[in-house]
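Peer 1: Only the shape, not the letters, is given here:
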């Protein structure tokens, strides 16, 4: 997947604000400190298209980026940052679920998990929503460079088992570039398959 152009289009909180041009969408979701913005920038070969911050939880809206004039990369708000205002924390869950429920153009949601952290109830809730609405998930572990080889193998086994996955998540590291090419190839494959949901519901 060669990135020829990448442009921020809009931020949204409610379905009527989402792009309605029918272009396929690839969404990225995960905890607020999982390294989501950095990974998206690495995939798109951009240094700062998606703004990163030292303060987790800063992304409080759903951000849409038009890639190659062909599909959207969708940056969903990070969840689970306890120091965010209560009103923001309360809005995150319905905002993310509303996007999943009301966006028939989704091809895949890339679920990002920090390899150093066990999946928790917030991750489980996201995964349950994806299953309920029939949206395919692609599981990716970030920050693979933070662990030694033996630790990585144990974490991979634990997370795979806890999520009940048929195969281990993809290991990635923005720092070393590990897994970025493979992730781009998998996203391209999902885009070629097209959206998994129609306006009438899951296939």
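Peer 2: Now that the structure is in, tell me what you want to look at. Please read these numbers as outputs of a predicted model, since none were measured by experiment. Residues are numbered from 1 along each chain as shown.
Peer 1: How many residues are close by residue 127?
Peer 2: A count of nearby residues for residue 127, using other Cβ atoms under 10 Å, gives 19. (C-beta placed from N, C-alpha, C; glycine too.)
Peer 1: One more: residue 144?
Peer 2: Residues lying near residue 144 (other Cβ under 10 Å) number 22.
Peer 1: now residue 35
Peer 2: 20.
Peer 1: cool, and the one 4 residues further on?
Peer 2: Residue 39 is surrounded by 24 other residues when neighbours are defined as other Cβ under 10 Å.
Peer 1: Okay, it and residue 15: tell me how far apart.
Peer 2: Using Cβ to Cβ, to the nearest Å, one obtains 26 Å as the distance from residue 39 to residue 15.
Peer 1: just residue 65 next, same as before
Peer 2: For residue 65, the distance to residue 15 - Cβ to Cβ - is 18 Å.
Peer 1: which one of those two has more residues nearby?
Peer 2: Using other Cβ under 10 Å as the criterion, residue 65 and residue 15 rank with residue 65 on top: 20 against 14.
Peer 1: Tell me the bridge partners for that one.
Peer 2: residue 8, residue 73 (DSSP bridges).
Peer 1: Please, which helix or strand holds the residue located most distally from the centre of the chain?
Peer 2: Here the chain reaches farthest from its C-alpha mean at residue 150, the gap being 26.6 Å by Cα atoms, centre = their mean. Assessed by DSSP states H and E, residue 150 sits inside helix 149-163.
Peer 1: What's the local residue count around residue 20?
Peer 2: 10.
Peer 1: secondary structure class for it?
Peer 2: The three-state label given to residue 20 by DSSP: H, G, I helix; E, B strand; the rest coil is coil.
Peer 1: For the chain, which segments are assigned as strands?
Peer 2: Secondary structure of the chain (DSSP state E): strands at 6-12, 25-30, 62-67, 71-75, 106-114, 137-142, 170-171, 197-198, 201-202.
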